[in-house]
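S.K.: sequence first, then the predicted structure, then my questions.
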Amino acid sequence: MAAVTGILLAAGESTRMGRLKALLPWGGRTLLEHQTDSLLQAGVATVSVVLGHQRHRLQPLVDGMNRVRHVYNPDYRRGKTTSLRAGIRALEGVGHGEHDALLILNVDQPRSPETVRRIIALHAEGRGGELRDRPYLITVPTYRGRGGHPVVLSASLIPEMAEISEETLGLKAVVKRHAADTRRVEVDSPEVLLDLNTPQEYDRARRTASPQ
């Protein structure tokens, strides 16, 4: 399996939810703890958790976790792209050559280790036939044709990701630019679409998707 580094975005203000999403209960612990542990169990080598709003409440949850570090984004109010760039910049201390791929996930998109592991494996499969020596740069899971998360990208795109901005549509623009080298792969779990933005979505997800 490819060596993967993860970026978990947890810097937002959670305005639509009305309370900090990273601290929402999920399976007997906080959503932040669930997400971080899920990535590690899935085989992600290191996780950079990007913090911003109320970081003093979140940082203690990840301090001391093996293979996890926090990154502060002072510009978090300027959009999610600034947090992604902060996470990318932090990779300079890790070393691009140590990893084959980059996995990106938001804290409000709870995923099981099985789902994350499956998407990493699909990315590592690459292409077959005559194109087997030209692997996919990006893997996007889909469910019934709808794009989901996490997204996995080749480490070769890290310098390009460091230049994204809100004005240029961030990650979406990178995926569009490399459409010919992007694998959109259908999976059998609607979990890849799960996104908790409102209290109603959270309550519905807890009834149907939250681990016990």
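M.R.: Sure, I can see it.
S.K.: what is the neighbour count of the closest residue in space to residue 138 that isn't next to it in sequence?
M.R.: In space, not counting the residues next to it along the chain, residue 138 is nearest to residue 182; the distance is 4.2 Å by CB to CB, 6 or more residues apart in numbering. To be clear about C-beta, it is placed using only N, CA and C from the backbone, and glycine gets the same treatment. One way to gauge burial is a neighbour count; for residue 182, by other CB atoms under 10 Å, it gives 18.
S.K.: tell me the spacing between residue 126 and residue 191.
M.R.: Summarising the geometry, the distance separating residue 126 from residue 191, computed by CB to CB, to the nearest Å, is 24 Å.
S.K.: swap that for residue 150, sorry
M.R.: The span separating residue 150 from residue 191 equals 11 Å under the rule CB to CB.
S.K.: again with residue 121
M.R.: 16 Å.
S.K.: these two - which one has more neighbours?
M.R.: Summary of the neighbour comparison: residue 121 and residue 191, criterion other CB under 10 Å, with residue 191 having more neighbours (20 against 15).
S.K.: is it true that the more buried one touches residue 109?
M.R.: No: using CB atoms under 8 Å, residue 191 makes no contact with residue 109, being 9.1 Å away.
S.K.: give the contact list for the residue nearest to residue 53 when sequence neighbours are not counted.
M.R.: Computed as CB to CB, 6+ apart, the closest residue to residue 53 that is not its neighbour in sequence is residue 13, at 4.6 Å. By CB atoms under 8 Å, 6 or more residues apart in numbering, the contact set of residue 13 is 53, 76-77.
S.K.: from the residues you listed, pick the one nearest residue 3.
M.R.: residue 76 (28.4 Å; CB to CB).
S.K.: wait, what's in contact with the closest residue in space to the closest one that isn't next to it in sequence?
M.R.: Distances taken as CB to CB, 6+ apart place residue 52 nearest to residue 76, at 2.8 Å, with adjacent residues excluded. Listed by CB under 8 Å, 6+ apart, the contact partners of residue 52 are 10-12, 72-74, 76-77, 83.
S.K.: mark which of those residues are buried, thanks.
M.R.: Among the contacts of residue 52, the ones that count as buried by 16 or more other CB atoms under 10 Å are 10-12, 73, 76, 83.
S.K.: low-scoring stretches of the protein, by residue?
M.R.: Under the criterion pLDDT under 70, the flagged ranges of the chain are 1-2, 92-98, 128-133, 210-212.
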